[in-house]
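>>> Quick check, what structure comes out for this input:
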Amino acid sequence: MIEQRLSEQRGLGDHGWLHSRHTFSFASYWDPKQVGFSDLLVINDDQVAPGRGFGAHPHSNMEIISYVLEGALEHKDSMGTGSVIVPGDVQLMSAGSGVTHSEFNHSGEENVHFLQIWIVPSENGTQPGYQQVSVPEAEKRGQFRLIISPAGDNGSLTVRQDMKIYAGFFDGAEQATFDLDPDRYAYVHVARGSIKVNGIEFRTGDGARIRQEDKLTFTDGDQAEVLLFDLRPVEVNHPTR
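Residues are numbered from 1 along each chain as shown. Next comes the predicted model:
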């Protein structure tokens, strides 16, 4: 079953310097039917104005992934890490027992456009950590490249949860079939462009919860950049608010 959610159905946060679309409930956007999916809690599609950003703020017990689509994102944290993340880079910060970090647009002239993804960890109170890797587009062109996994397979970053994230680029005749375990869940997010998934058309910002499917076929891509999540088959217990 593919349960599609269109881009315009996402929550909106517009703060002038920050324009954000929320796939799941976040900050002032609240929808009790959209409180994560399995261990995937947040996909925020953020665009930050030149020279602006998020000042130092704390996190704990969360796996936080930044995936840059355009521009450059500057990161600093209380572990002493300082880095600039550009398209092709994947960053994973394990907040664990507690960490403070800031994120700013590294450019004074152009927006930075990135996805921030939160994964609920399998354990709380662990040692905080930072990882970053650059994955060439050629390794994602016309196929799905593993970028996040529990064991750090194939040069991917190591996440503290039973889940995997893949990234792929598809255009024109490029296509791929991805085999799924029908006893697990999956989530598809189209970061850019358009593509068909099992014949269903997806455009920029569209996503889908996927249950009880044994394969996904990706065809008719038009400059598409796609993230695919392999997740535990657990339902979120929606908190009251």
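>>> quick one: average confidence on stretch 174-191?
Averaging pLDDT along stretch 174-191 yields 97.
>>> residues in contact with the helix or strand bottoming out on mean pLDDT in the chain?
Lowest on mean pLDDT, DSSP states H and E among the helices and strands of the chain sits strand 53-59, with a mean of 87. If you take Cβ atoms under 8 Å, 6 or more residues apart in numbering as the criterion, strand 53-59 is touched by 74, 76, 93, 95, 98, 99, 100, 101, 102, 103, 104, 105. The way it works is simple: take the backbone N, C-alpha and C, and place the C-beta from them, glycine included.
>>> now the end-to-end length of stretch 195-210.
From its first residue to its last, stretch 195-210 covers 16 Å (Cα to Cα, to the nearest Å).
>>> wait, what's in contact with the residue nearest to the spatial centre of the chain?
Among the residues of the chain, the one closest to the centroid is residue 117, at 4.0 Å (Cα atoms, centre = their mean). Residue 117 is in contact with 40, 42, 43, 44, 64, 65, 66, 67, 165, counting by Cβ under 8 Å, 6+ apart.
>>> do the same with residue 131
Applying Cβ under 8 Å, 6+ apart to residue 131 gives the contacts 91, 92, 93, 94, 157, 158.
>>> Parallel or antiparallel, which strands does the longest strand that the chain contains pair with?
Secondary structure assigned by DSSP state E gives strand 215-231 as the longest strand of the chain. With DSSP bridges as the test, strand 215-231 is paired with strand 164-172 (antiparallel), strand 176-179 (antiparallel), strand 185-197 (antiparallel).
>>> Using CSV, write out every CA atom in it.
C-alpha atoms of strand 215-231 as CSV (Å, rounded to 0.1, in the frame of the first residue of the first chain):
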residue,chain,number,x,y,z
LYS,A,215,9.2,-3.7,-4.6
LEU,A,216,9.2,-0.1,-5.8
THR,A,217,9.8,0.8,-9.4
PHE,A,218,11.1,4.3,-10.2
THR,A,219,10.5,5.5,-13.8
ASP,A,220,10.0,8.7,-15.9
GLY,A,221,12.3,10.8,-13.8
ASP,A,222,12.6,14.5,-14.6
GLN,A,223,15.7,15.8,-12.8
ALA,A,224,14.5,13.8,-9.7
GLU,A,225,16.4,13.5,-6.5
VAL,A,226,14.8,10.9,-4.2
LEU,A,227,15.3,9.7,-0.7
LEU,A,228,14.1,6.2,0.3
PHE,A,229,13.8,5.1,3.9
ASP,A,230,13.7,1.5,5.0
LEU,A,231,12.0,1.4,8.4
